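Chemist: Build me a model:
(chains A and B)
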Number of protein chains: 2
Amino acid sequence: MSLLVVGSVAFDAIETPFGKVDRTLGGAASYFALAASHFVPVRMVAIVGEDFSDKDRAVFKGRKIDLSGLEHAAGKSFFWSGRYSQNMNERTTLATELNVFAEFKPTLPDTYLDTKHVFLGNIQPGLQQSVLHQLNGKPRIVGLDTMNYWIEGSNAQLRETLKHVDILTINDDETRQLTGEHNLIRASRHVFKLGPKILIIKRGEHGALMVHPKFIFSVPAFPLEQVHDPTGAGDTFAGGFMGYLAKAGSMNEQNLRRAMVYGSVLASFTVEKFGVERLAKVTRREIDQRARKFAKLTAFKL
Amino acid sequence: MSLLVVGSVAFDAIETPFGKVDRTLGGAASYFALAASHFVPVRMVAIVGEDFSDKDRAVFKGRKIDLSGLEHAAGKSFFWSGRYSQNMNERTTLATELNVFAEFKPTLPDTYLDTKHVFLGNIQPGLQQSVLHQLNGKPRIVGLDTMNYWIEGSNAQLRETLKHVDILTINDDETRQLTGEHNLIRASRHVFKLGPKILIIKRGEHGALMVHPKFIFSVPAFPLEQVHDPTGAGDTFAGGFMGYLAKAGSMNEQNLRRAMVYGSVLASFTVEKFGVERLAKVTRREIDQRARKFAKLTAFKL
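Modeler: Numbering: from 1, shown residues only, chains lettered A, B, ... in the order given. Just a heads-up that it's a prediction; the model follows:
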């Protein structure tokens, strides 16, 4: 029932209209693992530098997060710095220092090789594929995230990797860029031809849309009074989604819909504070409470 | 059970990536009336010029739309011309010719004076208020739409008018401009102090959010394969919403939620073709079918 995630563990400097932090634990794999670990044991594959301290490691402690695939390398960890606009709909990247991440070659510990649920975080598509190759046997569910940089720069490798992917989680623009199709419903049919059976379009403050060949499901973002930092919301969503699905065990329609809700629930906690601060503290009880609020947010009877 | 709408009837020239029309019937009151007339008889208050032909009038024929409040004046009708961007998220106004609309002083025929459900479309706030003053007695439900131009230029009159309004239907930016509050949930509390009991935030392709002091309800836009022209979607939404609510008779929670769905359903038809072309032909059967699809689009069980 374990869920493997490969991706970045980073330090972020973030500025939003609500404040500023100079160094906070971040990276897609961090948000993903913290979210997913509420549902299933998580196996992380990532790389950090010498600046990754015991205090940083402690964020993952006491949870079902296996860090034996977290490689420690000489040098500094991936560092990202960004500033959000007044309305937080736009962000400017101020610095991207890949550091040890530039040489990242994901290597799975032997104890990870039987993993049946895999999430290939947003890294170079060839590396994503190498993770699948290392596994013993075909996983039950493979999810993948990517971005404009890889769609443009590693298109052939990305298409090769997508052949082995069940669920693609990207945003509106990435969907359009990948398919060359503006309309998202028509774009989804293009995606299905590339391999994935399910397209999840992440829309930030507007929630997420799941397009399956047989149904479409829309989930809103939870309306919050306080959004302090949107960083990591998409990765948290993916973690909650994949975690719920891995636990449920099957990709039937009801499970897929519920997984979307849990992804959105987890993401709504992440954005309440800076970095992983809120996500690292949320309890399963709070998660379930907010899931019930989601039900009220969208329910109607004709 | 009748529903009065005051607003513009116009001719539009529209260009989108899917085509171009030089002269199509438009204006907020046109979209509103066509949508609302599926639920209740509509009484229109608007002004047109000598260019408004029998053929234009025929668009409203055979429906429960009373045009005795449609004033005919010397001169030309309101004309608007606009072009949508490739992704249709932005539009550039190429021309706004107020023509007879510049001198519009809404005058209610005697037969309208008993109307209990009123929608004050996006016109000068003093004129909106004059419509309420003309009515015999206090209406049961008053909805209002407005825009940045009036929020900025006629702020005091708008605030005076809002004291008599139950439901405010505006977009994200207008909500922020009116309240000076970025967060939409906090902004809604500000709106409640101004008079309205309910705030409906229209979000275009992202659907609509209703904020009531006791609950929040989110409805997505219907995912369509063909969006040819977004013009009038917001006015159609308002028409479907107010029409359903006027028919239901009471503003209880279930009715308000259903009204949001019907508003979104009607709007989803409008955008399928240019101008009012699709809206003018949609049947009640098609409306109910799509409402059931909305239920599937958002349903989940925890």
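Chemist: For the stretch 1-150 of chain A, what lies in contact range of chain B?
Modeler: Residues of the stretch 1-150 of chain A lying near chain B by CB under 8 Å from any CB of the partner chain: A:17, A:86-87. For glycine as for every other residue, the C-beta is placed from the backbone atoms N, C-alpha and C.
Chemist: from what I can see A:W150 touches A:Q124, true?
Modeler: Yes - at 6.6 Å, A:W150 counts as touching A:Q124 under the criterion of CB atoms under 8 Å.
Chemist: How about the secondary structure of the residue nearest the centre of chain A?
Modeler: Central residue of chain A (CA atoms, centre = their mean): A:D235, 2.6 Å from the mean position. State at A:D235, reduced to three classes by DSSP: H, G, I helix; E, B strand; the rest coil: helix.
Chemist: A:V118 too?
Modeler: Three-state assignment for A:V118 (three-state DSSP): strand.
Chemist: Packing partners of the longest helix seen in chain A?
Modeler: As assigned by DSSP state H, the longest helix anywhere in chain A is helix A:253-270. Where contact means 3 or more CB pairs under 8 Å, 6 or more residues apart in numbering or on different chains; DSSP states H and E, helix A:253-270 is packed against helix A:28-36, strand A:208-212, strand A:215-219, helix A:233-248, helix A:284-298.
Chemist: okay, A:W150 and A:Q124: which has more neighbours?
Modeler: Each of A:W150 and A:Q124 has its neighbours counted (other CB atoms under 10 Å in any protein chain shown); A:W150 has more, 21 against 18.
Chemist: how distant is the one helix or strand that one maps to from the center of its chain?
Modeler: A:W150 belongs to helix A:148-153 when assigned by DSSP states H and E. In terms of CA atoms, centre = their mean, to the nearest Å, the centre of helix A:148-153 is set 18 Å apart from its chain centre.
Chemist: Same question for stretch A:120-136.
Modeler: Distance, stretch centre to chain centre, for stretch A:120-136: 15 Å (CA atoms, centre = their mean).
Chemist: How about the secondary structure of A:T93?
Modeler: When classified by three-state DSSP, A:T93 comes out as strand.
Chemist: where does A:T96 fall, helix, sheet strand or coil?
Modeler: Counting by three-state DSSP, the backbone at A:T96 sits in strand.
Chemist: What distance do you get for the closest residue to it other than its chain neighbours to chain B?
Modeler: Among residues not flanking A:T96 along the chain, A:W80 sits closest, at 5.6 Å (CB to CB, 6 or more residues apart in numbering or on different chains). From A:W80 over to chain B the distance is 25 Å, taken as CB to the nearest CB, to the nearest Å.
Chemist: Show me what counts as buried in the helix or strand where A:W80 lies.
Modeler: Assigning secondary structure by DSSP H and E places A:W80 in strand A:78-84. Neighbour-count burial for strand A:78-84 flags A:78-82, A:84 (criterion: 16 or more other CB atoms under 10 Å in any protein chain shown).
Chemist: Run a quick neighbour tally on A:F237.
Modeler: Quick note: A:F237 (other CB under 10 Å) scores 31 neighbours.
Chemist: Which secondary structure state does A:F39 sit in?
Modeler: coil.
Chemist: Please name the nearest non-neighbouring residue to it.
Modeler: Closest residue to A:F39 apart from its sequence neighbours, by CB to CB, 6+ apart: A:G243 at 3.6 Å.
Chemist: Quick check: residues of the stretch 201-302 of chain A near chain B?
Modeler: Contact residues (CB under 8 Å from any CB) of the stretch 201-302 of chain A with chain B: A:203, A:206-207, A:209, A:211, A:215-220, A:223-227, A:254, A:257-258, A:260-261, A:291-292, A:295-302.
Chemist: contacting residues for the residue nearest to A:N99 when sequence neighbours are not counted?
Modeler: Nearest residue to A:N99, sequence neighbours excluded (CB to CB, 6+ apart): A:K76, at 4.2 Å. Neighbouring residues of A:K76 by CB atoms under 8 Å, 6 or more residues apart in numbering or on different chains: A:49-51, A:97, A:99-100.
Chemist: Indicate the residue of the stretch 1-150 of chain A located nearest to chain B.
Modeler: Distance from chain B to each residue of the stretch 1-150 of chain A (CB to the nearest CB) is smallest for A:N87, at 6.3 Å.
Chemist: repeat for the stretch 51-200 of chain A
Modeler: Relative to chain B, the nearest point of the stretch 51-200 of chain A is A:I185 (4.7 Å; CB to the nearest CB).
Chemist: In the helix or strand hosting that residue, which residues are buried?
Modeler: Under the criterion of DSSP H and E, A:I185 resides in helix A:184-194. Of all the residues in helix A:184-194, those buried under the rule 16+ other CB under 10 Å are A:184-185, A:187-188, A:191-192, A:194.
Chemist: Pass me the low-pLDDT residue ranges in chain A, would you?
Modeler: Counting by pLDDT under 70, chain A contains no low-confidence range.
Chemist: ok, A:G195 to A:L178 distance?
Modeler: According to CB to CB, to the nearest Å, A:G195 and A:L178 sit 12 Å apart.
Chemist: These two - which one has more neighbours?
Modeler: Higher neighbour count among A:G195 and A:L178: A:L178, with 24 against 17, using other CB under 10 Å.
Chemist: Please settle this for me: is that one part of a helix?
Modeler: Yes - judged by three-state DSSP, A:L178 forms part of a helix.
Chemist: Could I get the contacting residues of the closest residue to it other than its chain neighbours?
Modeler: Closest residue to A:L178 apart from its sequence neighbours, by CB to CB, 6+ apart: A:I151 at 5.2 Å. Shown in contact with A:I151 (CB under 8 Å, 6+ apart): A:158, A:174, A:177-178.
Chemist: among those, who's most crowded?
Modeler: Going by other CB under 10 Å, A:L178 tops the contacts of A:I151 with 24 neighbours.
Chemist: you'd agree that one is up against A:R159?
Modeler: No - using CB under 8 Å, A:L178 makes no contact with A:R159, being 9.1 Å away.
Chemist: list the residues that contact both of these two?
Modeler: Shared contacts of A:L178 and A:R159 (CB under 8 Å, 6+ apart): A:L194.
Chemist: tell me the angle the longest helix of chain A makes with helix A:233-248.
Modeler: Interaxial angle, helix A:253-270 versus helix A:233-248 (axes from the mean of the first three to the mean of the last three CA atoms, to 10 degrees): 140 degrees.
Chemist: A:A33 is in contact with A:V42, isn't it?
Modeler: Yes - in this structure, A:A33 is within contact of A:V42 by CB under 8 Å, at 4.6 Å.
Chemist: so what's the closest residue to A:R83 other than its chain neighbours up against?
Modeler: Spatial nearest neighbour of A:R83, chain neighbours left out: A:E15 (4.3 Å); criterion: CB to CB, 6+ apart. A:E15 sits next to A:82-84 when contact means CB under 8 Å, 6+ apart.
Chemist: what helix or strand is A:E15 on?
Modeler: A:E15 belongs to strand A:10-16 when assigned by DSSP H and E.
Chemist: That strand pairs with which strands, parallel or anti?
Modeler: Each strand paired with strand A:10-16, and its direction, by DSSP bridges: strand A:19-26 (antiparallel), strand A:78-84 (parallel).
Chemist: quick one: that strand to chain centroid distance?
Modeler: 17 Å.
Chemist: quick one, the helix holding A:I185 and strand A:208-212 angle?
Modeler: 50 degrees.
Chemist: Which strands or helices does the helix or strand following helix A:184-194 pack on?
Modeler: Tracing the chain past helix A:184-194, the next element assigned as helix or strand by DSSP H and E is strand A:198-202. Here strand A:198-202 touches strand A:167-171, helix A:172-179, helix A:184-194, strand A:208-212, helix A:233-248, going by 3+ CB pairs under 8 Å, 6+ apart.
Chemist: returning to what we had before: could you list the residues in contact with the strand holding A:W80?
Modeler: Defining contact as CB under 8 Å, 6+ apart, one finds that strand A:78-84 is touched by A:8-17, A:26-27, A:47-48, A:90-101, A:229-231.
Chemist: of these, buried ones?
Modeler: Among the contacts of strand A:78-84, those scoring as buried are A:8-16, A:26-27, A:47-48, A:98-101, A:229-231 (criterion: 16+ other CB under 10 Å).
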